[in-house]
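this one's sequence-less:
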């Protein structure tokens, strides 16, 4: 079972490493990082570089696709190499998935027209403008498409995907293996829960 | 403020990308991936390669150190390059931290003698045999050392570290930025919570 993990310039690292870590150790999963061309791809911080081991053109029929978000998607249009590839491979995938603003790329590929989907809370409006029906849920499964909310939600999405592919016991075994028993020191991980001052602070530093 | 993120052959990716994603976007943090030599370093799955942009010797005085776990630590002894480097840099760090079995490397460096610490639940005995005092907690802060439990716990640890370095508001803003509002589909992320059959399944596939 081929798992294609998409990279592009200025992706957000945890978006893709979360689902990767959930799925890559499951027997039978062949994980491959893909990008427009094989080689190093640098994240949005400019500090982390992951190697794409295959070009998109070399992976024409993946079973599972995961598309991360990141500021790099903001320059994408309907002819972006990742978008064109998504349009080409989606008809034969088992699951096409995204984390964070990766769903913007799915929408640009025409995969979310009239479909309920999610992304990072700051980009839900953009997702809606592209024809999707944004929801505030953390993981949204519609047909063969699963979209997840911002950045860290890819771990939750990965576990949902693992349960669909391999059953609940395997998904739980992965959760135990990665000791995913979250205990954040604060409860500020969604706009509904974060204090107003915290949201204002974030808006002041993130463009 | 220099944040040194340690890599070594067969590290576990989420261990280091979790804290990286929490800390790297905070203004003033200069994140650098370091390894024995600069260049590509491959994770324990053999599928993910991250670029180390500096050799350990080029980073002699980091402010913050994060050491990931992974099967690669099993071959380490007191003279392992990462262990020797940890011994050399720890006296002048602000915080020395680990995720998962990264704490085994801290223990080998002599930093955890008689100190309460944690690691992945399957390796707590090994940690104790090296002189640390293992706890079952997810994040353990003792003096200038913070250790975290398995794999995904590095996100929680990163938020604790962010709050110590920059205050609770900044840590909460990061939590909101990465939308860390965990909603795993199961509650099987610790040995105390996972069904017995799930633990047996995991033990049957992981060595």
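Cool, got the structure. Bear in mind the structure is a predicted one, so any value in this text is a computation, not a measurement. Numbers count the residues shown, from 1 in each chain, chains lettered A, B, ... in the order given.

quick one: contacts for residue A:63?
Contact analysis of residue A:63 by CB atoms under 8 Å, 6 or more residues apart in numbering or on different chains lists A:1, A:2, A:3, A:93, A:94, A:95. Any C-beta I mention is one placed from the backbone N, CA and C, and that applies to glycine too.

where's it relative to residue A:154, distance?
18 Å (CB to CB, to the nearest Å).

returning to that earlier point: buried subset of the contacts of residue A:63?
Listed as buried from the contacts of residue A:63 are A:2, A:3, A:93, A:95; burial here means 16 or more other CB atoms under 10 Å in any protein chain shown.

Just the closest of the residues you listed to chain B, please.
residue A:3 (9.0 Å; CB to the nearest CB).

And the one helix or strand that closest one maps to, how far out from the chain middle?
Per DSSP states H and E: residue A:3 is located in strand A:2-6. Strand A:2-6 sits 11 Å away from the centroid of its parent chain (CA atoms, centre = their mean, to the nearest Å).

is chain B contacted by the next helix or strand after it?
Using DSSP H and E, the helix or strand that directly follows strand A:2-6 along the chain is helix A:13-23. Yes. Using CB under 8 Å from any CB of the partner chain, we find that helix A:13-23 touches chain B at A:13, A:14, A:17, A:18, A:20, A:21.

I'd guessed the third one sits against residue B:13; true?
Yes. If you go by CB atoms under 8 Å, residue A:17 and residue B:13 touch, sitting 5.2 Å apart.

shared neighbours of those two, which are they?
residue B:48.

who's in contact with residue A:15?
A:68, A:69, A:70, A:99, A:100, A:102, A:151, A:154.

Widest-spaced pair of these?
A:70 and A:154 (11.9 Å; CB to CB).

Touching both of those two, which residues are there?
A:15, A:100.

List the single closest residue to residue A:90 in space, sequence neighbours excluded.
Spatially, and ignoring its direct neighbours in sequence, residue A:90 is nearest to residue A:96 (5.0 Å; CB to CB, 6 or more residues apart in numbering or on different chains).

so what's the residue nearest to the spatial centre of chain A up against?
Centroid-nearest residue in chain A, with CA atoms, centre = their mean: residue A:99, separated by 2.3 Å. Contacts for residue A:99 (CB under 8 Å, 6+ apart) come out as A:15-16, A:18-19, A:66-69, A:147-148, A:151, A:153-154, A:157.

and if you look at residue A:190?
A:121, B:176, B:179, B:181.

Can you pull out the low-pLDDT segments for chain A?
Scanning chain A for pLDDT under 70 picks out A:207.

now the helices for it?
Ranges of helices within chain A are A:13-23, A:81-89, A:102-108, A:124-129, A:153-166, A:168-177, A:196-205, based on DSSP state H.

So which of the ones you listed has the densest surroundings on average?
helix A:13-23 (a mean of 29; mean count of other CB atoms under 10 Å in any protein chain shown).

what's the angle between that one and helix A:168-177?
120 degrees (axes from the mean of the first three to the mean of the last three CA atoms, to 10 degrees).

My guess is residue A:197 contacts residue B:167. True?
No. Using CB under 8 Å, residue A:197 makes no contact with residue B:167, being 11.7 Å away.

Residue A:25 is in contact with residue B:43, isn't it?
No. Look at residue A:25 against residue B:43 with CB under 8 Å: they stay out of range, at 10.4 Å.

residues touching residue A:110, list them.
Contacts of residue A:110 (CB under 8 Å, 6+ apart): A:78, A:87, A:131.

from those, which single one is nearest chain B?
Using CB to the nearest CB, the contacts of residue A:110 come closest to chain B at residue A:131, 22.7 Å.

and that closest one, what does it touch?
Counting by CB under 8 Å, 6+ apart, residue A:131 makes contact with A:107, A:110, A:112, A:113, A:114.

again, only using 7 Å
A:107, A:112, A:113, A:114 (CB atoms under 7 Å, 6 or more residues apart in numbering or on different chains).

next one: residue A:172
Contacts of residue A:172 by CB under 7 Å, 6+ apart are B:186, B:188, B:194, B:195, B:198.

Next, count neighbours for the first one.
When you say that, I think you mean residue B:186. By other CB atoms under 10 Å in any protein chain shown, 21 other residues sit near residue B:186.

Just give me the neighbour total for residue A:91.
Residue A:91 has 10 nearby residues by other CB under 10 Å.

picking that back up, now, which of the contacts of residue A:131 sits nearest residue B:30?
Closest approach to residue B:30 among the contacts of residue A:131 (CB to CB): residue A:107, at 35.1 Å.

Give me the distance between the closest residue to that closest one other than its chain neighbours and chain B.
Nearest non-adjacent residue to residue A:107, counting by CB to CB, 6+ apart: residue A:130, 3.8 Å away. Between residue A:130 and chain B the computed distance is 20 Å (CB to the nearest CB, to the nearest Å).

what's residue A:130 in contact with, if anything?
Residue A:130 sits next to A:104, A:107, A:108 when contact means CB under 7 Å, 6+ apart.

give the contact list for the closest residue to the first one other than its chain neighbours.
By that I understand residue A:104. In this structure, residue A:104 finds its nearest non-sequential neighbour in residue A:73, 5.1 Å apart by CB to CB, 6+ apart. Listed by CB under 7 Å, 6+ apart, the contact set of residue A:73 reads A:101, A:104, A:105.

distance of the residue nearest to the centre of chain A from residue B:13?
For residue A:99, the distance to residue B:13 equals 15 Å [CB to CB].
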